[in-house]
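In: Let's see this in three dimensions:
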Amino acid sequence: MLQNRRTLVMLLAVFILVAAAGYYYYNGSRPQAQQPEEPTITTAQVRRGDLTVTASGSGTLVPGYELDLGFRSAGVLAELYIQVGDQVQAGDALARLDDTTAQLQAAQSQIALELAELKLAELVREPTEAELVLKQENLAAAQLELEALLSKPTAEELTIAEADLQKARLALQKAQAAYDRVASRPDIAALPQASALEQATLDYQKAEAAYKQKVAGATEGQLASARAKVAQAQQQLDDLLSGPTAEALESAQLQVEQARNNLLRDQEQLANTTLSAPVAGTVVAIKGDVGESVGTNPIITLADMETPQVLFWVEETDLASVAPGNRVNVVFEALPDRTFPGQIISVDPALVTVSNTSAVQAWASVDLNASPIKLLSGMNADVEIVAGEARNVLLVPAQALRELGPDQYAVFVAKPDGELELRLVQVGLQDFVYAEIRSGLQEGDVIKTGETQSSEPSSASPDQQEPGALGGFMRFLGGGGK
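Out: This next block holds a predicted model:
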């Protein structure tokens, strides 16, 4: 600031010398009759007051948010739980598809999971005493059968087998004789002699096979089968004692996991047959009727009308006034007598075209508490932006400011002796009429605002008409506006 003052003083000194030389040359070379008319300086007094800088725009009321909702899968619309205009809360059911197939699939997946879990539980549980005894008995029986086939028959066993064969032969002969006595009858097949002969034949064949086996011993096939039974019984006993293998346990666990995932998938598909509200809002649109087939396109629109916003536009020249946080006053065309306060929420980063004119697009909140009345989406509104406010500050007319450079201003202060003093000032808010003075002036100071020309020529001498070289220079500097 000190450097600026020194620069200004040096510039003033140079200008004073140039202006003084020009002044005397000008007065010495022109005729007396061509002296200029005496200008009249206009002034104003520095006063205290309030200053508000505003900009205006127009826009429409829009919801705080708007959501288009649809099902995740196609189906037949079974129920609608809401109507246009209804208020819903987050989680409320809005509509439902026919879920018969989804219910069945979820039930089947539940059963599959339970079976897989039972199989796993059976695999890992400890064997009971009864199970252990049964496996041991099965092994013992298989071993005895194999031993019997491997051992040679005793003389007693051969005698018994031969006696059984002879007994069966005699029974067969007796049954054959009884059958022959009635063989000529047409109903022979239905007579008991026929069935007796058949049974006697089977008994004889069995006794004959047993006798031949005793005599010949076990075949390789019989021995192989008996050995296989022993191995199987032994493996079953070992498995019971050692528990499941790692492979079997992992397989059973994977089956349970797969069944659980299938159930979760089917339960999600079942849940997707119900369309719920993700947030609270107002139902503003429904596309679809009960009984219609619907896809995944949105069929219900929710909007937030509890905290609506105003989408508005201002001219590009008012860009400096549009900033997030600035207060706004909103007046709707349908409610001209009500003013709704709010503030700017956001400003779009690019200009838009509105009615073939570049404009700044911004969003502002609306405080409904100031005037509790139901507002409708799409209402037209006039928006006044409060870009800045200053209360009880020093004010001067904007035309009194002299701009010396970027953000550098001065004013001419009228001294008691009538001379004008150029004084640097710090300017705050300003509009087209007034400017806030933050430093450099005091309340009550008289400042120059401009000049007006007198309507009658002056007959005074040059010395009386001009206040001197310095005074003429001051008028020269102060003759213009801002």
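In: mind checking how far the helix or strand residue 130 falls within is from the chain centre?
Out: If you go by DSSP states H and E, residue 130 is part of helix 129-150. For helix 129-150, the separation from the chain centroid amounts to 68 Å (computed by CA atoms, centre = their mean, to the nearest Å).
In: which parts of that helix are buried?
Out: 135, 138-139, 142-143, 145-146, 149 (16 or more other CB atoms under 10 Å). From N, CA and C alone the C-beta is placed, and that goes for glycine too.
In: Now do that helix: everything it contacts.
Out: 218, 222-223, 226-227, 229-230, 232-234, 236-237, 240-241 (CB atoms under 8 Å, 6 or more residues apart in numbering).
In: packing partners for whichever helix or strand comes after that helix?
Out: Next along the chain after helix 129-150, taking DSSP H and E as the criterion, comes helix 155-181. Counting contacts by 3 or more CB pairs under 8 Å, 6 or more residues apart in numbering; DSSP states H and E, helix 155-181 packs against helix 192-216.
In: Give me the buried positions along the helix it packs on.
Out: 193-194, 196-197, 200, 203-204, 207, 210-211, 214.
In: Over to stretch 326-345?
Out: Neighbour count says stretch 326-345 has 326-332, 340-342, 344 buried, by 16+ other CB under 10 Å.
In: Can you give me the distance of residue 329 to residue 317?
Out: Separation of residue 329 from residue 317 (CB to CB, to the nearest Å) stands at 20 Å.
In: so how many other residues sit close to the closest residue to residue 414 other than its chain neighbours?
Out: Computed as CB to CB, 6 or more residues apart in numbering, the closest residue to residue 414 that is not its neighbour in sequence is residue 446, at 4.3 Å. As a burial measure, residue 446 scores 15 neighbours (other CB atoms under 10 Å).
In: Most distant residue from the centre of the protein?
Out: residue 181 (99.9 Å; CA atoms, centre = their mean).
In: Give me the average confidence score over the helix holding residue 130.
Out: Across helix 129-150, the average pLDDT comes to 84.
In: could you check the angle helix 192-216 makes with it?
Out: 80 degrees (axes from the mean of the first three to the mean of the last three CA atoms, to 10 degrees).
In: how about the nearest residue to residue 65, chain neighbours excluded?
Out: Leaving out its chain neighbours, the residue that sits closest to residue 65 by CB to CB, 6+ apart is residue 304, at 4.8 Å.
In: List the contacts of residue 369.
Out: So residue 369 contacts nothing (CB under 8 Å, 6+ apart).
In: pLDDT value on it, please?
Out: In this model, residue 369 is scored at 85, pLDDT.
In: what does residue 154 give?
Out: Turning to residue 154, the model gives it a pLDDT of 72.
In: For it, grab phi and psi.
Out: Backbone torsions for residue 154, taken as degrees, to the nearest 10, come to phi -80, psi 170.
In: how much space between it and residue 300?
Out: In terms of CB to CB, residue 154 sits 93 Å off from residue 300.
In: Not counting residues beside it along the chain, what's closest to the residue most central in space within the chain?
Out: In the chain, the residue lying closest to the centroid (CA atoms, centre = their mean) is residue 278, at 9.7 Å. Leaving aside its sequence neighbours, residue 278 sits nearest to residue 90 (CB to CB, 6+ apart; 6.4 Å).
In: give me the number of residues near that neighbour?
Out: 10.
In: ok so residue 376 is a strand residue?
Out: No - according to DSSP: H, G, I helix; E, B strand; the rest coil, residue 376 belongs to no strand; its state is coil.
In: neighbours around it, how many?
Out: Residue 376 has 10 neighbouring residues, counting by other CB under 10 Å.
In: and what of residue 55?
Out: The burial count for residue 55: 20, using other CB under 10 Å.
In: List the residues that contact it.
Out: 314, 318, 321-322, 384-385, 387.
In: By mean pLDDT, flag the weakest helix or strand of the chain.
Out: Lowest mean confidence among the helices and strands of the chain (mean pLDDT, DSSP states H and E): helix 462-465, at a mean of 36.
In: neighbour-wise, which of residue 154 and residue 300 wins?
Out: Legend: neighbour count by other CB under 10 Å for residue 154 and residue 300, higher for residue 300 (23 against 10).
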